[in-house]
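> here is my input, please return the structure:
(chains A and B)
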2 protein chains.
Amino acid sequence: MQLSADSYTLALPSWIGDALADVPDVLPTREERMRLVHALADRNWREGNGGPFAALVAESATGRIVSVGVNVVLGSGVSSGHAEVMALGTAQRAVGSWDLGGAGLPEHELVVNWRPCVQCYGATMWSGVRTLVVAGSGPELEEITTFDEGPMREDWADQFRARGIDVVDGVLRDEALAVFRAYRESVDVGGSLVYNARAAD
Amino acid sequence: MQLSADSYTLALPSWIGDALADVPDVLPTREERMRLVHALADRNWREGNGGPFAALVAESATGRIVSVGVNVVLGSGVSSGHAEVMALGTAQRAVGSWDLGGAGLPEHELVVNWRPCVQCYGATMWSGVRTLVVAGSGPELEEITTFDEGPMREDWADQFRARGIDVVDGVLRDEALAVFRAYRESVDVGGSLVYNARAAD
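Residues are numbered from 1 along each chain as shown, chains lettered A, B, ... in the order given. Sure, this is the predicted structure:
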């Protein structure tokens, strides 16, 4: 048997360099980090790259930004290319380890513009980050955007904490909802695509 | 801000070509497909590439193999590089779409040597496959290998079915357990690494 593909690459879109050009290397507060995530999430859907989702990995104590991620499903043709997977994968490439909580590394956090979907919930859990920071975690994301986030357990945050991963919720929450609403308005006029499971049916 | 990494590549290990050399392009029965998955899972940990996990994507009706995946966490340095993510990503690259259930494509299935972890549960859900085939789904994987599979819901299979994804369980189950036991024996003598969340603590 010959495989037609034995690897794949997930790459951030080319506009990311432009979007980060004037952003400092260090964002000391969580609000500043989340403001960058919201800006990337909003630009991502407007660029036609994927959904209105973005993430970044920062050193918790200093706020040095290690990586950013946006949803690249449509751009890459790979369904697992969510913002969290991109940010975590490029952060691991940057630090040279699959374990962002490894010996000798500073503590890392993942900052996302809403509670991750069930795939990225697991991806976060296995990444080595010590903290997950989200703008919100309620049903609003699914209600506004109509994206299916998958079957999550009620105790999702406690399950993180049981594994030594802290959860910080509610950072710039209203600003997250504003991005989702702008995206939904575009979907409703036919300008954007929601790509759920079994989208073709 | 300058990113130190703006992309990453996940690649199957070089021994995969050798492992597939004598395998036909088409494996008509699910037992044959699972037997290949078990062989790849067993070889993967012995090669030091990651855990004893493998997967493949096949066209359900014909049994044509579209892609294979093994766990490449240790080899790639990316924690999301589980067997399912590799098999799904390279299958999507092979068919040229993020949606393996897209219009004009034959129905695809993901064959895995046990119930996926919570990350790959979501990755499977968003991939477009119409069927998940597993060798087993009970606590044996975690008990034998000590890998944490994450917080799954009791109704995980019903949640697949509610999204149009069938679940077939119990294909070559004993053979799966034999692979896990061989791996565990290697771990117990210090020959292999289990890389759970926060492994460094």
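> helices of chain A, start to end?
Counting by DSSP state H, residue ranges of the helices within chain A are A:15-20, A:30-46, A:73-76, A:83-95, A:118-125, A:140-145, A:156-162, A:173-188.
> out of the ones you listed, flag the one nearest B:Pro151.
helix A:156-162 (4.2 Å; C-beta to C-beta). Just so you know, the C-beta spots here come from the backbone N, C-alpha and C atoms, and that holds for glycine as well.
> pull out the buried positions in the closest one.
For helix A:156-162, burial by neighbour count (16 or more other C-beta atoms under 10 Å in any protein chain shown) applies to A:156-157, A:159-160.
> let me know the closest of these to chain B.
Among the buried residues of helix A:156-162, A:Gln159 lies closest to chain B (C-beta to the nearest C-beta), at 4.2 Å.
> thinking again about what came up before, give me the subset of the buried residues of helix A:156-162 touching chain B.
Counting by C-beta under 8 Å from any C-beta of the partner chain, A:156, A:159 from these sit close to chain B.
> any idea which of the buried residues of helix A:156-162 is closest to A:Val118?
Nearest to A:Val118 among those, counting by C-beta to C-beta, is A:Trp156 at 9.0 Å.
> which residue sits closest to the closest one, ignoring its sequence neighbours?
Distances taken as C-beta to C-beta, 6 or more residues apart in numbering or on different chains place A:Tyr121 nearest to A:Trp156, at 6.4 Å, with adjacent residues excluded.
> thought A:Met152 was touching that neighbour, still the case?
Yes. Counting by C-beta atoms under 8 Å, A:Tyr121 touches A:Met152, with 6.6 Å between them.
> comparing those two, which residue is more hemmed in?
A:Tyr121 (25 against 18; other C-beta atoms under 10 Å in any protein chain shown).
> on that earlier part again, overlap in contacts of A:Tyr121 and A:Met152?
Contact criterion C-beta atoms under 8 Å, 6 or more residues apart in numbering or on different chains; residues shared by A:Tyr121 and A:Met152: A:Arg115.
> low pLDDT regions in chain A?
A:191, A:193-201 (pLDDT under 70).
> try 50 this time
Residues of chain A meeting the criterion pLDDT under 50: A:198-201.
> what are the buried residues along stretch A:97-116?
A:97-102, A:105, A:107-116.
> from those, which ones fall inside strands?
Mapping the buried residues of stretch A:97-116 onto strands (DSSP state E) picks out A:108-112.
> coming back round to it: and the residue nearest to A:Trp156, how far from B:Pro24?
A:Tyr121 sits at a distance of 38 Å from B:Pro24 (criterion: C-beta to C-beta, to the nearest Å).
> how about A:Arg173?
Look at A:Arg173 and B:Pro24: by C-beta to C-beta, they are 55 Å apart.
> the two: which has the busier surroundings?
Shown here are A:Arg173 and B:Pro24; by other C-beta under 10 Å, A:Arg173 has more neighbours (18 against 13).
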